[in-house]
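Undergrad: Sharing a sequence plus its predicted fold:
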Amino acid sequence: MTDTTVLITVTGPDRPGVSSVLFAALIRHGVDLLDVEQVVIRGQLTLGALVAAHHDPEGLQEAVEQAMASISMNVQTSLEVPDDRSVRQRATHVVLVIGSPITARAFGAIAQALAGVGANIDSIRRVADYPVTGLELMVSPDPSGGSEAHPPGTLRARLV
């Protein structure tokens with residue numbers, strides 16, 4: 001039997017205990033943790049966990065939804081049977097954006113340049129806030145490994 005990958009995304013006001021409630025539900029279902037990330041922006045939590053469910057993924061989904069509802073958090077789950085095509089290469093590049101301020105226009109241009117060469121922004125985190133803003137982007141390359149349209153060095157050239 002193939003494991004089912006379950007992506008769980010919890011959102012709502014940040015407060016102590018949210019992670020413990022989620023992981024208590026995951027423990028009861030004996031899942032393997034594949035990835036987890038959390039960010040809090042202005043008091044709002046976004047917590048994502050990717051797990052491998054060995055049996056009863058629908059039961060896991062229901063248990064997680066009930067657990068999060070018990071503490072008034074929003075949750076979204078999606079089930080997927082993994083295959084080789086759904087696996088994206090992990091981030092191998094770091095892009096550091098520094099500005100005072102960083103405008104939406106400037107950040108949008110960076111996002112477009114990355115998308116234009118098939119790269120994906122895996123995560124963004126603030127690394128500085130005064131006197132300049134600094135954002136660190138973890139970026140994974142085009143999973144096809146590049147092509148004639150995007151030879152090595154294209155990402156750097158587009159961003160510069």
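TA: Sure thing, it's come through.
Undergrad: Residue 124 reaches residue 133, doesn't it?
TA: No. Taking contacts as Cβ atoms under 8 Å, residue 124 lies outside contact range of residue 133: 11.8 Å. C-beta here means a position set from N, CA and C on the backbone, and glycine is covered the same way.
Undergrad: how far does the host helix or strand of residue 63 sit from the chain's center?
TA: Using DSSP states H and E, residue 63 sits within helix 57-69. Remark: helix 57-69 is offset 20 Å from the chain centroid, using Cα atoms, centre = their mean, to the nearest Å.
Undergrad: tally of neighbours for the nearest residue to residue 57 once chain neighbours are set aside?
TA: Distance criterion Cβ to Cβ, 6 or more residues apart in numbering; nearest residue to residue 57, sequence neighbours excluded, is residue 4 at 4.0 Å. Per other Cβ atoms under 10 Å, the neighbour tally for residue 4 reads 20.
Undergrad: Give me the sheet partners of the helix or strand containing residue 79 and which way each runs.
TA: If you go by DSSP H and E, residue 79 is part of strand 74-80. Within its sheet, and counting by DSSP bridges, strand 74-80 is paired with strand 4-13 (antiparallel).
Undergrad: Give me the below-cutoff pLDDT ranges for this protein.
TA: 1, 81-91, 143-153 (pLDDT under 70).
Undergrad: Break down the protein into its strands, ranges please.
TA: Per DSSP state E, the chain carries strands over the ranges 4-13, 32-41, 44-53, 74-80, 93-99, 120-128, 133-140.
Undergrad: if we can go back for a sec, I figured the residue nearest to residue 57 hits residue 56, correct?
TA: No. With contact defined as Cβ under 8 Å, residue 4 does not reach residue 56; the gap is 9.1 Å.
Undergrad: Quickly list what residue 51 is bridged to.
TA: residue 6, residue 33.
Undergrad: Enumerate every residue touching it.
TA: 5-6, 8, 26, 31-34, 60 (Cβ atoms under 8 Å, 6 or more residues apart in numbering).
Undergrad: Excluding covalently adjacent residues, which one is nearest to residue 124?
TA: residue 137 (5.4 Å).
Undergrad: check contacts around that neighbour.
TA: 94-97, 110, 114, 121, 123-124.
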